[in-house]
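show me how the following folds:
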Amino acid sequence: MDPLSQAVVGAAVPQSFAPRQHLGTITLLGALAGMAPDLDVLIRSSTDPLLFLEYHRQFTHSFFFIPLGGLICALAFWPFVKRRLDFRHTYCVTTLGYATHGLLDACTTYGTLLFWPFSLERIAWNTIAVIDPLFTIPLLAFVVAGVVSRSVVWSRVGLLVALCYLGVGYIQRERAETVGETLALGRDHREVSVSAKPTWAISCYGK
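Below you'll find the predicted structure:
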């Protein structure tokens, strides 16, 4: 998904477990770690302009890279927060934030190598658009409310709302594919593969 969505989800998860005195720091660390896997776009070649597409959503997004990704983030950020958090807690926060990235990307359509290096299949659950303000803005509001009020309740409610939203996306995808399959059978199309891709748009109709 877009960087803001990744940052918000990456912040919300560790924030929901954060102690009040370090809530702001933990929220920031989670947000930064939540965006970190997309640094794979820096893998480029002057002789192969499509190389970055090959490596985008690849090993940095894998389940098996999460502990290392969290460690890299912790090593990078800890010098700035060591007066507030020890390294162990910093690593826990960055790992939680980092872990959200691949899962959220897998909810979109492009496909994510969640099981690299054991599988090169790109997982795409097709439940949410790459950019969806209806998902991101409410969760952002909950995260900000949590920081302002110094309460983890807001982020927990926000995550519940976000999960419900993704659940509705799954149900809608299933409904759309069922309609497509029924239509194909009604037209006597055989051995067809039907898939539904989510999108977000505002349509304006004038008289």
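
buried sites along the longest helix along the chain?
Secondary structure of the chain read by DSSP state H shows that its longest helix is helix 153-186. Buried residues in helix 153-186, defined by neighbour count with 16 or more other Cβ atoms under 10 Å: W154, S155, R156, V157, G158, L159, A162, Y165, L166, G169, R173, A176. No exception for glycine: its C-beta is placed from N, CA and C like everyone else's.

format those as a markdown table; extra columns: distance to P37 and pLDDT.
Listed next are the buried residues of helix 153-186 as a markdown table, based on distance: Cβ to Cβ, whole Å; pLDDT from 0 to 100:
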| residue | distance to P37 | pLDDT |
| --- | --- | --- |
| W154 | 25 | 97 |
| S155 | 21 | 96 |
| R156 | 24 | 96 |
| V157 | 26 | 97 |
| G158 | 21 | 97 |
| L159 | 19 | 97 |
| A162 | 19 | 97 |
| Y165 | 22 | 95 |
| L166 | 19 | 95 |
| G169 | 22 | 93 |
| R173 | 24 | 90 |
| A176 | 29 | 87 |
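
dump the residues you listed into JSON lines; add distance to D132 as well.
Shown next, in JSON lines, are the buried residues of helix 153-186 (distance: Cβ to Cβ, whole Å):
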{"residue": "W154", "distance to D132": "20"}
{"residue": "S155", "distance to D132": "19"}
{"residue": "R156", "distance to D132": "21"}
{"residue": "V157", "distance to D132": "19"}
{"residue": "G158", "distance to D132": "15"}
{"residue": "L159", "distance to D132": "16"}
{"residue": "A162", "distance to D132": "11"}
{"residue": "Y165", "distance to D132": "8"}
{"residue": "L166", "distance to D132": "10"}
{"residue": "G169", "distance to D132": "9"}
{"residue": "R173", "distance to D132": "14"}
{"residue": "A176", "distance to D132": "16"}
